[in-house]
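Q: structure of the sequence below:
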Amino acid sequence: MATEAETGLVFHPMDQFIVTPLFRDIVPGTCNPAAGLTDGCVRWYEPTNVTLWLAITVIAIFALFMLGTRGRALIPSRVQSIAELSYGMIHKIVEDVAGKEALKYFPYVFTMFTFVLFANFLALIPMSFSTTSHIATTAVLALLVFLGVTILGFVKNGARFLDLFWVRSAPLAVRPVLALIEVISYFVRPVSHSIRLAGNIMAGHAVLKVFAAFAAIVWVAPVSILGIVAMYALEVLVCAIQAYVFTMLTCVYLKDALHPSH
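A: Model prediction:
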């Protein structure tokens, strides 16, 4: 990180991820309830920049899929075309990955996809806030998937759901070892599911902030601006890919719940 003494430039790329209340200012780093310092703490009932952009995400989804398609025109508008294409794409993914039996759970998978996609893209707007860069947001999404498919697996299959951890195609002597590995990997799913999304989004935004800070230095500004343009284009791609990957993994986990046997 550059220092003021060396370059006259000070920047903190991680400050963009700080959660702050909407209606009062706090000083970051001053929250220490053990020392009696609570003015710098975000209270649980306060609306913050996170809740604001989560609400904007929901409103944007509603605007596209409800207001944008309310006409149901035979010759669709651009907005209706986008909605129909995304709907058809996720419908096909659910059917191809998890099978036709999983289509009854398509509304949930599609809702998850659109939420992650819109949250990722809205975070690319200057002065916005990246909600999916916070593990608190992605962990909730991942835990909902994890608990949902686990409960579904036992409801649909009963004790046979445990076949997911028993590799019958392997030699009997190594099955217990593989079962232990399968159990560990199963419970690691929500961790990898959430960290993959949050980590990629956070890293991209931090790099963008670094390039933007160096744009203030005249002799490196042209290179920095080119870097910003390139990184922004890459982030657009990353936002779409991460929403797709999150959805694809959800479908894979759903398939395991419906068809647990190896």
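Q: ok, P76 - contacts?
A: By C-beta atoms under 8 Å, 6 or more residues apart in numbering, the residues touching P76 are E84. Glycine gets a C-beta too; all of them are placed from N, C-alpha and C.
Q: confirm that it sits in a helix.
A: No. Under the criterion used here (DSSP: H, G, I helix; E, B strand; the rest coil), P76 is coil, not part of a helix.
Q: make 34 the first number, not 1, from now on.
A: I'll keep to 34 as the first residue from here, and by that count the last item is P109.
Q: for T53, give me phi and psi.
A: For T53, the backbone dihedrals (degrees, to the nearest 10) come out as phi -130, psi 150.
Q: so the residue nearest to G101 when sequence neighbours are not counted is in which element?
A: Spatial nearest neighbour of G101, excluding adjacent residues (C-beta to C-beta, 6 or more residues apart in numbering): V112 at 3.6 Å. Assessed by DSSP states H and E, V112 sits inside helix 111-131.
Q: ok, V188 to A175 distance?
A: For V188, the distance to A175 equals 20 Å [C-beta to C-beta, to the nearest Å].
Q: so where is this structure shaky, pLDDT-wise?
A: Low-confidence segments of the chain, defined by pLDDT under 70, span residues 34-43, 68, 295.
Q: and the longest helix for it?
A: The residue-count maximum for a helix in the chain (DSSP state H) belongs to helix 208-247.
Q: quick check: what element follows that one along the chain?
A: helix 254-291.
Q: that next one packs against which elements?
A: Under the contact definition 3 or more C-beta pairs under 8 Å, 6 or more residues apart in numbering; DSSP states H and E, helix 254-291 sits against helix 111-131, helix 139-155, helix 168-190, helix 208-247.
Q: how about the contacts made by A231?
A: Contacts were defined as C-beta under 8 Å, 6+ apart; by that measure A231 touches T165, S166, H167, I168, T170, T171.
Q: go again using 10 Å as the cut-off
A: Applying C-beta atoms under 10 Å, 6 or more residues apart in numbering to A231 gives the contacts 50, 163-172, 174-175, 275.
Q: separation between M122 and M281?
A: M122 is 11 Å from M281, where distance means C-beta to C-beta.
Q: how about R57?
A: R57 is 41 Å from M281, where distance means C-beta to C-beta.
Q: among the two, which residue is more densely surrounded?
A: More crowded of R57 and M281, by other C-beta atoms under 10 Å: M281, with 16 against 10.
Q: show the contacting residues for that one.
A: Neighbouring residues of M281 by C-beta under 10 Å, 6+ apart: I123, I126, V127, V130, V142, F146.
Q: between those residues, which is nearest E215?
A: V130 (19.5 Å; C-beta to C-beta).
Q: check the gap between the closest residue to the closest one other than its chain neighbours and E128 for me.
A: Sequence neighbours aside, C284 is the residue nearest to V130 in space, at 3.9 Å (criterion: C-beta to C-beta, 6+ apart). Distance, C284 to E128, by C-beta to C-beta: 9 Å.
Q: circling back: now the contacts of A231 in TSV, with distance to A239 and neighbour count?
A: Output for the contacts of A231, formatted as TSV (distance: C-beta to C-beta, whole Å; neighbours: other C-beta atoms under 10 Å):
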residue	distance to A239	neighbour count
F50	8	18
S163	10	23
T164	16	26
T165	14	29
S166	9	24
H167	13	18
I168	15	16
A169	18	11
T170	17	22
T171	16	25
A172	19	18
L174	21	21
A175	22	25
Q275	15	22
